[in-house]
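Enquirer: the following block contains a protein sequence and its predicted model.
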Amino acid sequence: MDFYTQRQYRGRLKAAIFDWAGTTVDYGCRAPAGAFQELFREHGVEATIAQAREPMGMHKRDHIATMLAMPALSAQWEKAHGAPYTDEDVEALFQKFIPLQLAALPNFVDVIPGVVETVDALRKRGMKIGATTGYNEEMMAMCQKAAAKAGYVPDVTVAVTQVPAGRPAPWMAVKAAMELQVFPFEAIVKVGDTVTDVLEGLNAGMWTIGVTKTGNEVGLSEAEVAALPEVERRARIDSATAKLAQAGAHYVVEGVADILPLLDDIDARLSRGERP
Ligand SMILES: [Mg+2]
């Protein structure tokens with residue numbers, strides 16, 4: 001045979017899948033970071049805010065395990081408890097984390113400025129809206145309820161407890177696509193504020209956009225970001241941009257409010273036969 005054919009999707013984007021904390025609600029992704037620090041402190045381990053934020057986006061049990069595996073924190077645990085941590089300790093910490101997180105969450109569910117308007121614009125383009133999160137179903141329900149009051153209602157939302165494994169595995173994004181009934185996956189863009197969000201999208205074969213200023217990597221409230229000296233604000237955003245780009249994000253912007261021009265760009269790339 002002297003030729004072959006190749007199938008290419010050349011249509012437009014059909015759906016966007018957004019992360020919750022740090023992307024569409026909870027500017028700075030502050031709810032989980034504080035809860036992890038409090039949990040570890042109660043068990044004789046002082047974690048820095050950077051250590052508490054490093055694994056963000058994962059299943060919260062995996063997040064706890066990743067923190068405990070950090071040499072500085074393993075050493076503190078062993079000193080406080082007289083023995084290395086075990087899988088049982090991870091599970092026990094996770095069970096204690098759930099009520100801590102649920103108690104803190106109502107203070108950190110404000111919808112991030114620009115999200116409602118951007119989602120409206122996406123729907124006008126004919127796109128469907130999905131959402132995924134490292135929160136469990138109860139935490140997710142709290143986010144959904146508060147977001148709905150502010151006018152943000154995704155068509156579908158998937159919690160980490162509804163799939164076999166959380167990020168970086170693609171299952172939440174895949175389940176959201178299935179429930180939205182959208183394919184092929186190159187017609188979907190995943191938007192999130194952490195490295196694991198980017199990997200979730202890439203592993204699902206989707207386009208990925210990282211967000212910096214509103215998310216975990218900058219890690220500050222809107223007022224705190226605004227109060228930073230310009231040089232420091234720039235430095236924090238640049239560092240977050242580098243991290244998400246190095247993880248493989250196709251695009252990195254400051255927040256969801258900035259994504260519309262990127263969707264035009266992705267549509268153009270798809271029309272040329274490019275894939276994520
Ligand atoms: Mg997030």
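Expert: That came in fine, so what should we check first?
Enquirer: for the residue in the chain positioned nearest to the ion, which non-adjacent residue is closest in space?
Expert: The chain approaches the ion most closely through G22 (3.7 Å), counting by CB to the ion. Placement of C-beta: from N, CA and C, glycine included. In space, and not counting its chain neighbours, G22 is closest to C29: 3.0 Å by CB to CB, 6 or more residues apart in numbering.
Enquirer: likewise for G210?
Expert: Counting by CB to CB, 6+ apart, the residue nearest G210 is L244, at 3.1 Å.
Enquirer: F97 against E38, yeah?
Expert: No. F97 is not in contact with E38 according to CB atoms under 8 Å; the separation is 9.2 Å.
Enquirer: what about the strands in the stretch 101-250 of the chain?
Expert: 128-133, 156-159, 188-192, 207-211 (DSSP state E, counting those that start in this stretch).
Enquirer: need the ones you listed in TSV with mean neighbour count, mean pLDDT and distance to L228, can you?
Expert: Output for the strands of the stretch 101-250 of the chain, formatted as TSV (neighbours: other CB atoms under 10 Å; pLDDT from 0 to 100; distance: least, CB to CB, whole Å):
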stretch	mean neighbour count	mean pLDDT	distance to L228
strand 128-133	26	98	27
strand 156-159	23	98	32
strand 188-192	30	98	23
strand 207-211	28	98	17
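Enquirer: closest one to E232 among the ones you listed?
Expert: Among the strands of the stretch 101-250 of the chain, the nearest to E232 by CB to CB is strand 207-211 (18.9 Å).
Enquirer: SS state for I17?
Expert: Following DSSP: H, G, I helix; E, B strand; the rest coil, we place I17 in the strand state.
Enquirer: what residues are up against it?
Expert: By CB atoms under 8 Å, 6 or more residues apart in numbering, the residues touching I17 are 129-132, 173, 176-177, 188-191, 201, 206.
Enquirer: quick check, pLDDT for it.
Expert: Turning to I17, the model gives it a pLDDT of 98.
Enquirer: now it. Nearest residue, chain neighbours left out?
Expert: Excluding its sequence neighbours, the residue lying closest to I17 (CB to CB, 6+ apart) is G130, at 4.0 Å.
Enquirer: re the thing from before, same list (the strands of the stretch 101-250 of the chain) but as a markdown table, adding distance to T66.
Expert: A markdown table is the format used below for the strands of the stretch 101-250 of the chain (distance: least, CB to CB, whole Å):
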| stretch | distance to T66 |
| --- | --- |
| strand 128-133 | 17 |
| strand 156-159 | 19 |
| strand 188-192 | 17 |
| strand 207-211 | 20 |
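Enquirer: sorry, back to before: and the residue nearest to G210, how many residues sit next to it?
Expert: When counting by other CB atoms under 10 Å, one arrives at 26 neighbours for L244.
Enquirer: how far away is it from T196?
Expert: Distance, L244 to T196, using CB to CB, to the nearest Å: 11 Å.
Enquirer: and what of M206?
Expert: In terms of CB to CB, M206 sits 14 Å off from T196.
Enquirer: same question for A92.
Expert: 24 Å.
Enquirer: enumerate every residue touching the residue nearest to G210.
Expert: Each residue near L244 by CB under 8 Å, 6+ apart is listed here: V195, V198, G210, T212, E217, V252.
Enquirer: list the contacts of the fourth one.
Expert: When the contact criterion is CB under 8 Å, 6+ apart, the partners of T212 are D193, V218, I237, A240, T241, L244, V252, V253, E254, G255.
Enquirer: how is the chain divided into domains?
Expert: 15-30+110-271, 32-107 (automatic domain parsing).
Enquirer: tabulate those domains (a markdown table), appending distance to Q8.
Expert: Formatted as a markdown table, those follow (distance: least, CB to CB, whole Å):
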| stretch | distance to Q8 |
| --- | --- |
| domain 15-30+110-271 | 9 |
| domain 32-107 | 31 |
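Enquirer: deepest-packed of these, please.
Expert: Among the domains of the chain, domain 15-30+110-271 has the highest mean neighbour count (mean count of other CB atoms under 10 Å), at a mean of 20.
Enquirer: helices of the stretch 151-276 of the chain, start to end?
Expert: Under the criterion DSSP state H, counting those that start in this stretch, the stretch 151-276 of the chain contains helices at 171-180, 195-203, 222-227, 230-246, 260-271.
Enquirer: format those as a markdown table; extra columns: mean pLDDT and distance to M1.
Expert: Shown next, in a markdown table, are those (pLDDT from 0 to 100; distance: least, CB to CB, whole Å):
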| stretch | mean pLDDT | distance to M1 |
| --- | --- | --- |
| helix 171-180 | 98 | 34 |
| helix 195-203 | 98 | 33 |
| helix 222-227 | 96 | 59 |
| helix 230-246 | 97 | 41 |
| helix 260-271 | 98 | 28 |
